[in-house]
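Peer 1: Here you go, sequence then predicted model.
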Number of protein chains: 4
Amino acid sequence: MPRETFKRLPETKRAAIERAAIEEFANSPYRNASINTIVDKAGIAKGSLYQYFKDKRDLYGYILSIVQQKKKVLAASLTPPSNSMDTFAYLRWMAQLDLLFRLREPELANIEQYAFLEAPLREGEDPETGERVMGDTRFQDFLTQGILHDDIATWVDTGLAAYILGVIINLVGPYLIARLGKDAESLKDGSADILYEPHTQALLDNLLDVIEAGIARDPQIRKDYYSK
Amino acid sequence: MPRETFKRLPETKRAAIERAAIEEFANSPYRNASINTIVDKAGIAKGSLYQYFKDKRDLYGYILSIVQQKKKVLAASLTPPSNSMDTFAYLRWMAQLDLLFRLREPELANIEQYAFLEAPLREGEDPETGERVMGDTRFQDFLTQGILHDDIATWVDTGLAAYILGVIINLVGPYLIARLGKDAESLKDGSADILYEPHTQALLDNLLDVIEAGIARDPQIRKDYYSK
Amino acid sequence: MPRETFKRLPETKRAAIERAAIEEFANSPYRNASINTIVDKAGIAKGSLYQYFKDKRDLYGYILSIVQQKKKVLAASLTPPSNSMDTFAYLRWMAQLDLLFRLREPELANIEQYAFLEAPLREGEDPETGERVMGDTRFQDFLTQGILHDDIATWVDTGLAAYILGVIINLVGPYLIARLGKDAESLKDGSADILYEPHTQALLDNLLDVIEAGIARDPQIRKDYYSK
Amino acid sequence: MPRETFKRLPETKRAAIERAAIEEFANSPYRNASINTIVDKAGIAKGSLYQYFKDKRDLYGYILSIVQQKKKVLAASLTPPSNSMDTFAYLRWMAQLDLLFRLREPELANIEQYAFLEAPLREGEDPETGERVMGDTRFQDFLTQGILHDDIATWVDTGLAAYILGVIINLVGPYLIARLGKDAESLKDGSADILYEPHTQALLDNLLDVIEAGIARDPQIRKDYYSK
DNA sequence: TATGAATGAGCTTTCATTCAT
DNA sequence: CATGAATGAAAGCTCATTCAT
């Protein structure tokens, strides 16, 4: 949704503007984010921004599209565990993707989460407000497929479960980060090594085991990494 | 956190202020809530408010404390299903409590949810920001007790599970309301009859069965109300 | 339409604000008039103005009401020529009133004229836009009465004539001022002596004679002040 | 007042610019008219416009000159009623010309009227501001000639009368259009048939009879189309 | 000559907080 | 203790004009 003028901008300037906007939207929810701060950080005139974008929402929409696109790229680089598409392996893959994204692009992840949380706070203008609250089609599809493959119990209410899966996947990231890393050092450099540490994987396993046990048709034997 | 001056106020005036603040904070997230609106509705001078409360945040904190206290009162009036305190029956009781609170006190429930959603949006000023993200002690305790009673699998990570239970319980209310009630009529009068309708209970059962299946040591035989 | 806060203001401050607003609206049509200029001249904070008035239009409406009221006061102080209410004497009285108002209160007269001229320039929001273009009820009534009293020819189209009378009365003032007074000195002190000078009266006579000759049923014998 | 560069432009481009400017100035008074809109509609770069014209006012002045010239062309194509140049027939001809111009070129007529109305609103920059207020030389000449031909009463003040005639001719057009044509259909296609309809001519007659009665030396017997 | 990105002062409006009375 | 007027920074946005390319 940016204007043509924005696309024609020299790479460095465009990057500066995106950088500034990302920083701002990552640190403040939409309403609080300040156009003034953005143009100051980007080192451009206020009027210029309004030649690149129609208004604040337009800029915001563009930043959101960056977030989605970067996530898509990351998803493409993260090979799914198997091509047989085991239902729960796929769910695990989604969770890992979210976590990895948060590690690699903490600011973008923040923006994404703000967007998720603010959805029901919208001031009623948007007709799609109810959308979020009624569930994420991504998970609706996942559940439907899972039931068709006999992986998920038929008695599970897909609407409710999809809603809860969405909430979990969207909100569990910050928890895991907070839990794992008081050693903020290893996070600063964007290293994702932490994702593959045994402790991290154990936590992920734990989460997914709970989910699987909750909705699977034939839950696997419980692993006993903790109980030993 | 109100000042002494507030406590010394005549009951009617105090009530008027609380009423006005509750209405405002229920309809607008913290940032948007307007002091002007509150003092107008309460019929007091703006300066007076600043003699009762240090600032906007102080007032907000006080309103939050009211929410918690009212919820506690409601909890006390809602007898637990059995005194033997079966773990999952207790969880069900908590879920019902949240739903009932939302039906009986939609404004207070709204404030609670705003607070929950905004927690990670805080602008870094608050030191207790991390609190929410690390989990709700209410569920920590529940899980610990459950493990001690051999109701919950020992391998469950209580920190993670508590966090997720918190998220679910806090966010599932609006979903259920949205799902159940297009018939806004039955909600208008604060009637909680809807809570005890079969459809509602079925959804609640579904949710709790999933949770129980997920974390129980020996999950019950799955009920088959849906598969019939 | 000002707020209560404005009415409660000390006289001097209220006067300062009115002064500043009148100066601004007299020198710039509504769109160009600047709130910044007004608050600077008035020596108040910008926010204060918005405690006295809802918005720019509200302030403008208030200033317009002052204009109307001052004009009404002036009208009350200017005795009609005779109590028999001869039709054309009444018209002359109206013209004199307008001229006198322009001499006594040139700024207010300017504001009035801006309002008159801007009416058809309105950006389509106002439903009463067409009102001005279709005639002034003041003159409609005057003409109707004149016809009833057998003073005005029955064949005159009252709609058209009312429209033209309105235009003339509203726009002739500046012309007469410009014509009479290069000697701005005599105008500066608000003296209206110039109104009663023979030259001025002769011009007024000339205007009214033309109008009378145009629409009267039985025009008077033409005076011959000019032809001698 | 356009620059040399503008005159050297290829015809099509020049036409596009004029078209765009005319549309804009016809729909918005000078202040509101947007340079952006004009260059967009014209399909030229913004900087180019400033190579053709010194600034917005310069462009505006040029458009005004087009309006005048087009009107002159129309005047040339509309044969005066008789070559003996009867004074009031000539005035009628002028009124018809204005009305016809408004029907044929509603946009240009709009621009003309905006210019007329805004003249006294000018912000003092223009030295020729007083010009309008002192009368239109067109009518000055007309009146002087009329007196010489013994058609107009010698006692009429030509300055004042010229001013008023100017006001009437400039502002009566929209009134007549509004009065005649709710049937916007016949106006849409620029057809001037409406001008020659009996009702239109009757209104014009009425207007001119009033004027004639007002200023003629020997007013004709009043026609009695209305009184019958 | 043509371009169109850059500019920045300007606009109206909002709001939590202070403080003199 | 109560009052409510005063504050002024900050908000999002517009626009005619300039100037480097």
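Peer 2: The structure has been received and is ready for your questions.

Peer 1: Run through the residues of chain A sitting next to chain C.
Peer 2: Contact residues, chain A versus chain C (C-beta under 8 Å from any C-beta of the partner chain): none. All C-beta atoms are positioned from the backbone trio N, CA, C, and that covers glycine.

Peer 1: Sketch out the low-pLDDT regions of chain A for me.
Peer 2: Along chain A, segments meeting pLDDT under 70 span A:81-85, A:120-136, A:181-192, A:217-228.

Peer 1: give me that answer again for 50
Peer 2: Across chain A, the ranges flagged by pLDDT under 50 are A:123-134, A:184, A:221-228.

Peer 1: who touches the host helix or strand of A:Gln145?
Peer 2: Secondary structure from DSSP states H and E places A:Gln145 in helix A:137-148. Applying C-beta atoms under 8 Å, 6 or more residues apart in numbering or on different chains, the external contacts of helix A:137-148 come out as A:87, A:90-91, A:152-154, A:156, A:158-159, A:161-163, A:165-166, A:169, A:215.

Peer 1: helices or strands next to the next helix-or-strand element following that helix in the packing?
Peer 2: Counting by DSSP H and E, the element after helix A:137-148 in chain order, helix or strand, is helix A:158-180. When contacts are defined as 3 or more C-beta pairs under 8 Å, 6 or more residues apart in numbering or on different chains; DSSP states H and E, helix A:158-180 packs onto helix A:87-104, helix A:106-118, helix A:137-148, helix A:198-215, helix B:129-133, helix B:158-180, helix B:198-215.

Peer 1: Any chance of CSV for those, columns distance to DNA strand F and mean neighbour count?
Peer 2: Conversion of the helices and strands packed on helix A:158-180 to CSV gives the following (distance: least, C-beta to the nearest atom of the strand, whole Å; neighbours: other C-beta atoms under 10 Å in any protein chain shown):
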stretch, distance to DNA strand F, mean neighbour count
helix A:87-104, 26, 20
helix A:106-118, 14, 20
helix A:137-148, 30, 16
helix A:198-215, 37, 19
helix B:129-133, 21, 15
helix B:158-180, 28, 21
helix B:198-215, 39, 19
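
Peer 1: and those as TSV, adding distance to A:Asn36?
Peer 2: Below are these laid out as TSV (distance: least, C-beta to C-beta, whole Å):
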stretch	distance to A:Asn36
helix A:87-104	28
helix A:106-118	19
helix A:137-148	36
helix A:198-215	39
helix B:129-133	25
helix B:158-180	34
helix B:198-215	45
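
Peer 1: Can you get me a residue count around A:Arg57?
Peer 2: 11 (other C-beta atoms under 10 Å in any protein chain shown).

Peer 1: The helix or strand encompassing it - contacts with which helices or strands?
Peer 2: Using DSSP H and E, A:Arg57 falls within helix A:56-77. Contacts defined by 3+ C-beta pairs under 8 Å, 6+ apart place helix A:56-77 against helix A:11-27, helix A:87-104, helix A:106-118.

Peer 1: Kindly recompute the last result at 10 Å.
Peer 2: In terms of contacts (3 or more C-beta pairs under 10 Å, 6 or more residues apart in numbering or on different chains; DSSP states H and E), helix A:56-77 is packed against helix A:4-7, helix A:11-27, helix A:35-42, helix A:46-52, helix A:87-104, helix A:106-118.

Peer 1: Is DNA strand F within reach of that helix?
Peer 2: Yes - Helix A:56-77 is in contact with DNA strand F by C-beta under 7 Å from any atom of the strand, via A:Lys56, A:Arg57.

Peer 1: Please look at A:Ala45 and A:Val39 and confirm they touch.
Peer 2: Yes - if you go by C-beta atoms under 10 Å, A:Ala45 and A:Val39 touch, sitting 6.8 Å apart.

Peer 1: and the two? which has more neighbours close in?
Peer 2: Comparing A:Ala45 with A:Val39 by other C-beta under 10 Å, the one with more neighbours is A:Val39, at 20 against 10.

Peer 1: For chain A, what lies in contact range of DNA strand E?
Peer 2: A:4-5, A:8-9, A:13, A:44-48, A:50-52.

Peer 1: Which of those sits closest to B:Ile194?
Peer 2: Taking C-beta to C-beta as the measure, B:Ile194 sits nearest to A:Tyr50 out of the residues of chain A next to DNA strand E, at 48.9 Å.

Peer 1: Which single residue of chain A ends up nearest DNA strand E?
Peer 2: Nearest to DNA strand E, among the residues of chain A, is A:Gly47, at 1.5 Å (C-beta to the nearest atom of the strand).

Peer 1: quick one on the thing from earlier: any chance of the helices and strands packed on helix A:56-77 in CSV, plus distance to chain D?
Peer 2: Putting these into CSV (distance: least, C-beta to the nearest C-beta, whole Å) gives the following:
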stretch, distance to chain D
helix A:4-7, 12
helix A:11-27, 20
helix A:35-42, 20
helix A:46-52, 10
helix A:87-104, 40
helix A:106-118, 32
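
Peer 1: Quick one, which of those gets closest to C:Lys72.
Peer 2: Of all the helices and strands packed on helix A:56-77, helix A:46-52 sits nearest to C:Lys72, with 46.6 Å by C-beta to C-beta.

Peer 1: Of all the residues in the closest one, which ones are buried?
Peer 2: Under the neighbour-count criterion of 16 or more other C-beta atoms under 10 Å in any protein chain shown, helix A:46-52 has A:Ser48, A:Leu49, A:Tyr50, A:Tyr52 buried.

Peer 1: cool, and stretch A:5-16?
Peer 2: Residues A:Phe6, A:Leu9, A:Arg14, A:Ala16 are the ones in stretch A:5-16 that count as buried (16+ other C-beta under 10 Å).

Peer 1: how about a markdown table for the residues you listed, with distance to B:Arg31 added?
Peer 2: Formatted as a markdown table, those follow (distance: C-beta to C-beta, whole Å):
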| residue | distance to B:Arg31 |
| --- | --- |
| A:Phe6 | 29 |
| A:Leu9 | 32 |
| A:Arg14 | 30 |
| A:Ala16 | 28 |
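
Peer 1: Could you point out which of those is nearest to B:Leu203?
Peer 2: Closest to B:Leu203, out of all of the buried residues of stretch A:5-16 and judged by C-beta to C-beta, is A:Phe6, at 46.9 Å.

Peer 1: now the end-to-end length of stretch A:143-153.
Peer 2: Terminal residues of stretch A:143-153 lie 10 Å apart, using C-alpha to C-alpha, to the nearest Å.

Peer 1: Please work out how many residues are found near the closest residue to A:Glu107 other than its chain neighbours.
Peer 2: Closest residue to A:Glu107 apart from its sequence neighbours, by C-beta to C-beta, 6 or more residues apart in numbering or on different chains: A:Ala26 at 3.8 Å. A:Ala26 has 20 neighbours, counted by other C-beta under 10 Å.

Peer 1: can you pull the contacts of A:Ala26?
Peer 2: Contacts for A:Ala26 (C-beta atoms under 10 Å, 6 or more residues apart in numbering or on different chains) come out as A:33, A:63, A:67, A:105-114.

Peer 1: Need those residues in a markdown table (columns: distance to B:Thr144).
Peer 2: Converted to a markdown table, those look like this (distance: C-beta to C-beta, whole Å):
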| residue | distance to B:Thr144 |
| --- | --- |
| A:Ala33 | 41 |
| A:Ile63 | 42 |
| A:Val67 | 38 |
| A:Glu105 | 35 |
| A:Pro106 | 32 |
| A:Glu107 | 36 |
| A:Leu108 | 36 |
| A:Ala109 | 31 |
| A:Asn110 | 32 |
| A:Ile111 | 36 |
| A:Glu112 | 33 |
| A:Gln113 | 29 |
| A:Tyr114 | 33 |
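
Peer 1: Farthest pair within these?
Peer 2: Once C-beta to C-beta is applied, the contacts of A:Ala26 give A:Ala33 and A:Glu105 as the farthest pair, at 17.8 Å.

Peer 1: closest point of chain A to chain B, which residue?
Peer 2: At 3.1 Å from chain B, A:Gly214 is the closest residue in chain A, using C-beta to the nearest C-beta.
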